[in-house]
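Undergrad: sequence first, predicted model second:
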Amino acid sequence: MSEKTSVTLNINGRNFSIQVEPRRTLADAIREDCGQTGTHIGCEHGVCGACTVIVNGEPVRSCLMFAAQADGKKIRTVEGLARGDELHPMQRAFMEHHGLQCGFCTPGFLMLAVGVLEREPDIGDDELLDVLSSNLCRCTGYQNIIKAVRAAAAEMRGSK
Amino acid sequence: MSAPTKGSGSNWVGRSIRRLEDPALVIGQGRFTADLPAANWVRFARSAMASGAIKSISAPDGAMVITAADLKDVKPIRPMLHKFEYRPIGYPVLADGVVRFAGECFAAAVAPTEEEAEDIVDRIEIAIDERKPLIDSRDAIASGAPKLHPESPDNVIVQGLVKTEGFDAVWNGAHKIVEITARSRRQNATPMEPRGGHAAYEMSTGRVTLTCATQMPHLTRTAIADVLGFPESDLRVVAPDVGGGFGQKMSLAPEYVLLVWLARKHRSSFAWTEDRRENLIASFHSRDQHVSLKAAFDQNGKLLALNADILSNIGAYSCYPTTCGVEPLMAMAEMPGPYDVRQYQCRSRGVVTNTCPMAPYRGVSRPVITFTLERLMDKAAAAFGIDPIDIRRRNLIDKFPYTSAMGLVFDEASYKETLELAVEHIDVPAFRKRQQEARAKGKYLGLGFATFSERGGYGSPAFAARGMAITPGWENVELTIDPSGYVELRIGSSPHGQGLRTTLAQIIADEIGIEPSRIKVIHGDTDRTPYGWGTFASRSLVICGGATLIAAQNMRAKLIKMASHMLEAEGGDIVLEDGMAKVAGTDRSVPIAEMAREAYHQTHRFKGAIEPGMTEKGSYDPPGTFSNACHVAIVEVDVKTGKVTVERFVAAEDAGRLINPMIADGQVHGGIAQGIGNALLEEIVYDESGNILTSTLADYLPPTAHEIPVIELHHLETHTSATNTKAKGLGEGGAIGSPAAVINAVNDALAPFGVQIDEMPATPQRIRAALRAKERA
């Protein structure tokens, strides 16, 4: 399994040309080959959603995708969410509404919520709850995550 | 809500300020153990058999594989308890001759990458002379059951017995006996970050730094140095950002011992990141208990006596440092819960089986105690033909301080008041009407109550009373203002998501008039912090917060003394606020930063009246305190599928003075969500051969955003005199009351069918099975 293949990942606008085994997951490649450790791995079987990143505009679980499948695609991770020192409304809302405690699941939730709201800015509250129920958090009881995402959604709609 | 006590300053305590922890975490700059690069990666080979003698282990040629044969000088982990017929069995770092649960490590493979190490593990072969495993604690105590450890006759390795004087007379004279047999299935704390460690040898000093996802770094250092037999000063333990612990990360992982052993032996860095399957099958489990509880009442429904028999399945080994006594002995001590009952008898046993070891999990035993007691109270209410609320009103403790039948001292609290507050918000008559209407339409709604006490902030005498060889009661802190005027607090507590940096900064800010954002809290590093006990048992804000208050008061006294000298004013006229020492009613002031500079660089000006530098210490070891709450759930049970939907959840809660209400609410929300999961969804299932069938998050089900309703939270604030901050613990309470409230509600919904569920989780399968059995009968 040690034969490697060349892959170029475009992460947050920057190209990373890396050599990976075909079995290397996108999550591992982002974290270990490209050094972007903000994306976390919680289960490696696609349930918890901690590793969610945005690939070509869609939120995906990076533990269920091989790095080779993301070759040449545009990947956004939590490190690319803020513009310089200016936080994304979703990041601000999570802080404002206490949407995180240990912070381990937070990058996945941020990317999930941003990815969905960019595609579907007018998504209804019930649909939003459906989307958020695809990631797991063990600390917050979800209340404040939901509040934060709804607040950020309103702000993102307002700034369109 | 009462006003903060300080006359000067901005009164930060009591305000919902944003967390100082958050900025790094929301931009992906949190630093977790798995983020560190290592030269070598370790994967563990884990037994597929639950029980048997190891005949042989063979490793692929050329691969680096460690087995027990390589660890002859490494002692097993042997946690100690000096009471309660405790048998100190050892937990070997790698299985030595015998495997005792499916998932136990018998070898470790090392390679430059995780994938390669995993490839080696796939090729390690083990031959085991398999024995029939013991999975259920009742089977393990049956006569003729095989013995798991030579040290433990009858497989009982810890046992507590208690009986109050005069019990028999009261019991025999009682008007009515009500009883329940309850079962709590095995559960897993399931932090989102699994465990993991990274041990790096430093050539220049010969020291190893172990970075790991632990709740107690100092004790991890002590334990590993003990097991491996080297001076503690050769080991530094760092807990960086820790992605949730809930108790699972307070027990020593044998895997960490092996990482440090490897780093010392091979003078390099070695890392292991637990995967989710390992976390579910082989980290630490919790809850697995059978409880038989009987209660004697007088003719007015007043509880006279309780008689409990508790069987805790503690798995294959005892956990360090609490020992496996943690669940059974807490159950024995706290079973009377928030009820006034003078007579109590209890037998509580911890039994070894061929299952994953058990360890503390949020609430420790009290979710099961509360579940059993609160089910019993509902049964008693039915037996007396009174309302479940009334039976509680008749029996809750309402005079303080209250000394329990077990000798625990309950400080001032609000058991009845929280019950009434919750009742007020529920509008019970309106619900009962709605329930009747819904039943007529084939919709089954239920209302369930749970009242409980949450012991927090235990001082060291509480652990000493339990006979623990390690009594983690106190905390030390060091508070420094550096020459630039910034404040640094170094603590032995070690948070993992509780927002402790923020709440401690609020406590300091009030005392010394410097805003929280200029205060840094250093934790989770044995090289940089005073020895302390980490974070567990709802203790950190209470004990570390108490020590912090003392250090801040000392600092305040020093600042006032200096300011009095520098501003030529009486100490009583000095006010500390906005980063300044001011003379009240004048325009004379001096920045605290300037005072700090002088404390380091201009000490001659104070003619020896102050110690050089600006560091003050605080030490605190309180007697312990009891928080309380009433949880109420309204559920709907779909009787066709057994699905339960929690429609409403109301919690009336009293954790004393709230330092940061936003953070307090977050703790309670999270606890309640875990409790709802524990009540309805979460179950580790073993098959007959001792393998876990729930080894992924598709099988073991923590709740999602869909299963948790909006939690309606109401606070009372009984300022306790048992702590100097007047705060009580609140980390666990959410998880303690919610399972009982939810299952009582499920039973209320099922009442028309004459069906009762006295088991948690109340899964759809269990509910349907009970309904089906009734239909057949």
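TA: Right, received. Where do you want to start?

Undergrad: how about the residue nearest to A:Ser17 when sequence neighbours are not counted, what does it touch?
TA: Excluding the flanking residues, the one nearest A:Ser17 by Cβ to Cβ, 6 or more residues apart in numbering or on different chains is A:Thr8, at 4.9 Å. Every residue, glycine included, has its C-beta placed from N, CA and C. Contacts for A:Thr8 (Cβ atoms under 8 Å, 6 or more residues apart in numbering or on different chains) come out as A:15-18, A:71-72.

Undergrad: quick check: B:Lys774 vs B:Val74, distance?
TA: 55 Å (Cβ to Cβ, to the nearest Å).

Undergrad: make sure the residue nearest to A:Ser17 is indeed in a strand.
TA: Yes - assigned with DSSP: H, G, I helix; E, B strand; the rest coil, A:Thr8 falls within a strand.

Undergrad: tell me which of the contacts of A:Thr8 is nearest to chain B?
TA: Closest approach to chain B among the contacts of A:Thr8 (Cβ to the nearest Cβ): A:Ile18, at 13.6 Å.

Undergrad: list the contacts of B:Ile676.
TA: B:Ile676 neighbours (Cβ under 8 Å, 6+ apart): B:646, B:649, B:703, B:707-708, B:738-739, B:742.

Undergrad: cool, A:Leu129 as well?
TA: A:Leu129 neighbours (Cβ under 8 Å, 6+ apart): A:146, B:705-706.

Undergrad: so which strand or helix has it?
TA: In this assignment (DSSP states H and E), A:Leu129 forms part of helix A:125-132.

Undergrad: buried stuff in stretch B:373-383?
TA: Residues of stretch B:373-383 classed as buried: B:373-382 (neighbour count, 16 or more other Cβ atoms under 10 Å in any protein chain shown).

Undergrad: look up phi and psi at residue 57.
TA: Reading this off chain A. Main-chain torsions, A:Gly57, degrees, to the nearest 10: phi 90, psi 0.

Undergrad: wrong one, I was asking about chain B
TA: Geometry field for B:Ile57 lists phi and psi as phi -130, psi 130, criterion degrees, to the nearest 10.

Undergrad: contact partners for it?
TA: So B:Ile57 contacts B:67, B:106-107, B:124-127 (Cβ under 8 Å, 6+ apart).

Undergrad: residue ranges in chain B under the pLDDT threshold?
TA: Scanning chain B for pLDDT under 70 picks out the ranges B:1-10.

Undergrad: what's the single longest helix in it?
TA: Longest helix of chain B, by residue count under DSSP state H: helix B:545-567.

Undergrad: so after that helix, what's the next helix or strand?
TA: Tracing the chain past helix B:545-567, the next element assigned as helix or strand by DSSP H and E is strand B:574-577.

Undergrad: re earlier: restricted to helices, list the buried residues of stretch B:373-383.
TA: Counting by DSSP H, the buried residues of stretch B:373-383 place B:373-382 in helices.

Undergrad: and the pLDDT for the residue of chain A found nearest chain B?
TA: Across chain A, no residue is closer to chain B than A:Gly38, which sits at 2.1 Å (Cβ to the nearest Cβ). On pLDDT, A:Gly38 comes in at 98.

Undergrad: related to what we said a few turns ago, buried subset of the contacts of A:Leu129?
TA: Neighbour counting over the contacts of A:Leu129 (16+ other Cβ under 10 Å) leaves A:146, B:705 as the buried ones.

Undergrad: and which of the contacts of A:Leu129 is nearest B:Met595?
TA: The closest of the contacts of A:Leu129 to B:Met595 turns out to be A:Ile146 (Cβ to Cβ; 46.3 Å).

Undergrad: what sits against B:Leu228?
TA: Neighbouring residues of B:Leu228 by Cβ under 8 Å, 6+ apart: B:74, B:257, B:260-261, B:264.

Undergrad: would you format these as a markdown table with neighbour count, secondary structure and distance to B:Ser292 included?
TA: Formatted as a markdown table, the contacts of B:Leu228 follow (neighbours: other Cβ atoms under 10 Å in any protein chain shown; DSSP: H, G, I helix; E, B strand; the rest coil; distance: Cβ to Cβ, whole Å):
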| residue | neighbour count | secondary structure | distance to B:Ser292 |
| --- | --- | --- | --- |
| B:Val74 | 19 | coil | 41 |
| B:Val257 | 28 | helix | 38 |
| B:Val260 | 28 | helix | 44 |
| B:Trp261 | 24 | helix | 44 |
| B:Arg264 | 18 | helix | 49 |
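
Undergrad: those: which ones sit near chain A?
TA: Among those, no residue is within reach of chain A (Cβ under 8 Å from any Cβ of the partner chain).

Undergrad: these into a markdown table, with extra columns for distance to B:Phe431?
TA: Below are those laid out as a markdown table (distance: Cβ to Cβ, whole Å):
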| residue | distance to B:Phe431 |
| --- | --- |
| B:Val74 | 60 |
| B:Val257 | 54 |
| B:Val260 | 57 |
| B:Trp261 | 60 |
| B:Arg264 | 63 |
